[in-house]
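Sequence and predicted structure, then a few things I'm wondering about:
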Amino acid sequence: MLGSGMELTTAAVRQVEEEMNRLQAAVQANFEKRGSKERWRAAAQAFHEFKHPLFDLWREEVLQEVAAKRGSAREAALVFLEADPWFFRSGYLKQKLLRALKRATLLPQEVDRLTGIFIRVVDSSHERREFREYCRLAKRFATPGLVELLRTRAMDPDEHRCRHARQMLLYLEPPKPTCLR
């Protein structure tokens, strides 16, 4: 699945995150200096040429494997989401992985791992482009335990945690229509 049969680990995800952020920073720094187009071009080329087996997760056949069967692709997707890296376009990749997992039939231990991922996302103060996809996936794999954890967080004094929990709960427990009379 991932290039050369490599198993994706949290440490590998962190290394890619560091390198992507370092390369992106070099591009930005050389762009802002405007001193040398050559240095900027070299930094941009290094950024675009950086390859890692983790990027196989973008491939459509890998995303189909995440959705269709248990195995190294699904494990890599879960590891990536658990590590929750922040680098250029990582939010887009998370969206793709979340959509693929939504089509999957998961084992109970995989659902448990997702519950942990949902709670970490809710507890995060980051505003995420992929948050709606987390909510949609939570709706598909909600457990009573997840609902209870979200209800508790919906009363938390932390503004971000409270708001995120309430937003996710709206997907799991949509409000009942009321009569306007």
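Happy to help now that I have it. Residues are numbered from 1 along each chain as shown.

Mind naming the longest helix for the chain?
Looking across the chain with DSSP state H, the single longest helix is helix 10-33.

Does anything pack onto that one? Which helices or strands?
Applying 3 or more Cβ pairs under 8 Å, 6 or more residues apart in numbering; DSSP states H and E, we find helix 10-33 packed against helix 37-49, helix 72-83. Using the backbone N, CA and C atoms, a C-beta is placed for each residue, glycine as well.

can you give me the angle it makes with helix 72-83?
Comparing the axes of helix 10-33 and helix 72-83 via axes from the mean of the first three to the mean of the last three Cα atoms, to 10 degrees yields an angle of 60 degrees.

Quick check: buried residues in helix 10-33?
Buried residues in helix 10-33, defined by neighbour count with 16 or more other Cβ atoms under 10 Å: Ala12, Val13, Val16, Glu17, Met20, Leu23, Gln24, Ala26, Val27, Asn30.

excluding its backbone neighbours, what's nearest the second one?
What that stands for is Val13. Ala83 (3.9 Å; Cβ to Cβ, 6 or more residues apart in numbering).

so who does that neighbour touch?
Counting by Cβ atoms under 8 Å, 6 or more residues apart in numbering, Ala83 touches Thr10, Val13, Arg14, Glu17.

now do 7 Å
Thr10, Val13, Arg14 (Cβ atoms under 7 Å, 6 or more residues apart in numbering).

List just the nearest of the residues you listed to Pro53.
Checking the contacts of Ala83 against Pro53 with Cβ to Cβ, the nearest one is Val13 at 11.1 Å.

I'd like the distance between that closest one and Ala138.
22 Å (Cβ to Cβ, to the nearest Å).

what's the closest of the buried residues of helix 10-33 to Leu54?
For the buried residues of helix 10-33, the nearest to Leu54 is Val16 (5.1 Å; Cβ to Cβ).

That closest one touches Leu54, doesn't it?
Yes - Val16 is within contact range of Leu54, at 5.1 Å (criterion: Cβ atoms under 7 Å).

What number of residues are in the vicinity of Val62?
Val62 has 22 neighbours, counted by other Cβ atoms under 10 Å.

Wait, it touches Ser72, no?
No - between Val62 and Ser72 there is no contact under Cβ under 7 Å: 9.4 Å.

Quickly list the domain ranges of the chain.
Here the domain parsing of the chain from automatic domain parsing is 1-105, 106-181.

Dump those to CSV, plus mean pLDDT.
Formatted as CSV, the domains of the chain follow (pLDDT from 0 to 100):
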stretch, mean pLDDT
domain 1-105, 88
domain 106-181, 93
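
Now do the helix or strand harbouring Thr152: which elements does it pack against?
If you go by DSSP states H and E, Thr152 is part of helix 144-153. Under the contact criterion of 3 or more Cβ pairs under 7 Å, 6 or more residues apart in numbering; DSSP states H and E, helix 144-153 touches helix 108-123, helix 159-172.
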